[in-house]
Structure formats: structure tokens, C-alpha cells
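Q: Predicted model and sequence below, questions to follow.
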Amino acid sequence: MVKVEEFQQFGKEQIEAATQSAAVFSKGTQAIALAVTDYAKKSFEDTSKLFEKLAATKSFDKAVEVQTEFAKSSYETFVAEATKLGELYADLAKEAYKPFEGYFSKLNIPSARS
């Protein structure tokens, strides 16, 4: 039989875990938003530089070379940023879950790691 005090303590622990998780989630989403904003800004700047270079080219071959370099650089940057964002999301999920680990073990509910 569950005592009222135990039930109250359990509820308090749930609220504390949810509060901690929300704080971690907020911080993590801010980091992700900042990373996306930085990438968008850099992408815009790089595209502007591309058009400047293309406007300055005197031959079709040079324009193709400039465009090819841009495409390669853009792809590499995209892959790096996608990897970085994937890691940020994974870290966010792990950190937001941590406050609940003890909660699940008390309930004998298998955690996501089991």
C-alpha cells in the first residue's frame, strides 16, 4: 500500500525532473537555433560571393570552374553542418532524458536504453 507521503514525494520528484528536463531542452533548442542561424548566414554570404565571382568571370570555362568549386564547398559545408546538428539533437535527447532515469528505475519501467 502506498502512503500519502510517498505519493507526494513521488509527485515532487516528477515535477523536479520535468523542470530540469525543460531547462535542458530550452538550452538545447537555443543551441540548435543558433547553429541553424549561423549556417543560414554563412550560406547566404557564400552565395553572394559566388554571384560576385560569376559576374567577374570573362569566360564560360571560368564560370563553370567557379560554380563547381562552389558546389563542392557547399556540399562539404552542408554535410558538416548536418552532422553537427545531428549531434546537437542527439545530445539534447540524452540530456533531456537524464532527469527521468531515476524515475523510470523506481517504477520498474524499462528505460529507452534497455
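A: The structure has been received and is ready for your questions.

Q: which residues of the chain score low on pLDDT?
A: Residue ranges of the chain with pLDDT under 70: 1-2, 103-114.

Q: Longest helix in it, please.
A: With secondary structure taken from DSSP state H, the chain has its longest helix at helix 4-56.

Q: right, and the helix or strand after that helix?
A: Helices and strands here follow DSSP states H and E; after helix 4-56, the next one along the chain is helix 60-107.

Q: counting contacts, what elements does that following helix pack onto?
A: Helix 60-107 sits against helix 4-56, with contacts defined as 3 or more CB pairs under 8 Å, 6 or more residues apart in numbering; DSSP states H and E. C-beta coordinates here come from the backbone N, C-alpha and C atoms, glycine included.

Q: just how off-centre is the helix it packs on within its chain?
A: 6 Å (CA atoms, centre = their mean, to the nearest Å).

Q: counting contacts, what elements does it pack onto?
A: By 3+ CB pairs under 8 Å, 6+ apart, helix 4-56 packs against helix 60-107.

Q: Contact partners for Glu16?
A: Pro99 (CB atoms under 8 Å, 6 or more residues apart in numbering).

Q: Tell me which residues touch Leu88, please.
A: Gly28, Ala31, Ile32, Ala35.

Q: From Thr37, how far out is it?
A: For Leu88, the distance to Thr37 (CB to CB, to the nearest Å) stands at 13 Å.

Q: Check Glu101 too.
A: For Glu101 relative to Thr37 (CB to CB), the value is 32 Å.

Q: ok, those two, which is more surrounded?
A: Glu101 (13 against 10; other CB atoms under 10 Å).

Q: How much space separates the more buried one from Lys27?
A: 18 Å.

Q: same question, Leu88
A: Relative to Lys27, and taking CB to CB, Leu88 is found at 11 Å.

Q: and if you look at Leu92?
A: Taking CB to CB, one finds Leu92 at 9 Å from Lys27.

Q: quick one, which of the two is more surrounded?
A: Leu92 (17 against 13).

Q: OK, contacts around the more buried one?
A: Val24, Phe25, Gly28, Thr29, Ala31, Ile32.

Q: Can I get these in TSV including neighbour count and distance to Glu52?
A: Converted to TSV, these look like this (neighbours: other CB atoms under 10 Å; distance: CB to CB, whole Å):
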residue	neighbour count	distance to Glu52
Val24	19	42
Phe25	14	41
Gly28	18	37
Thr29	14	35
Ala31	14	32
Ile32	16	31
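
Q: That concludes my questions; thank you for your assistance.
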